[in-house]
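Colleague: Build me a model:
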Amino acid sequence: MTDDPFGIWLAWPPPIVLRPPERLFEFLHDHDRFRCELRYQGEWGVEAMWLRNEELFIAHRFDTPTLAAHWG
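Modeller: Below is the predicted model:
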């Protein structure tokens, strides 16, 4: 007899290991630092992100890294 009230063991899938962000470019404008980077979201595609002073400025998701790089 098990202590599980439902009689089954729920197994969690292993965590998804995502690639680290890929920096496309970075520049300074007045007192602000802008950076564009690609973040790979596994089966959901690639997200191109603009960061201003380390905070999200704008982002958009694409199906391929090429499309994301052209947008960035």
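
Colleague: Average pLDDT for stretch 20-35, rounded please.
Modeller: Mean pLDDT, computed over stretch 20-35, is 95.

Colleague: contact partners of that stretch?
Modeller: For stretch 20-35, contacts defined as CB atoms under 8 Å, 6 or more residues apart in numbering pick out 36-40, 49-54, 57, 69, 72. Heads up, the C-betas are built off the backbone N, CA and C, glycines and all.

Colleague: ranges for the helices of this protein?
Modeller: Ranges of helices in the chain, per DSSP state H, are 65-71.

Colleague: Stretch 17-37: which residues count as buried?
Modeller: Going by neighbour count (16 or more other CB atoms under 10 Å), the buried part of stretch 17-37 is 35-37.

Colleague: From those residues, pick the one nearest L18.
Modeller: E37 (13.1 Å; CB to CB).

Colleague: For the closest one, name its beta-bridge partners.
Modeller: R23, M49 (DSSP bridges).

Colleague: Contact partners for it?
Modeller: 21-24, 48-49, 51, 72.

Colleague: which among the contacts of stretch 20-35 end up buried?
Modeller: 36-39, 49-51, 72.

Colleague: residues touching A68, list them.
Modeller: 38, 45-48, 60, 62.
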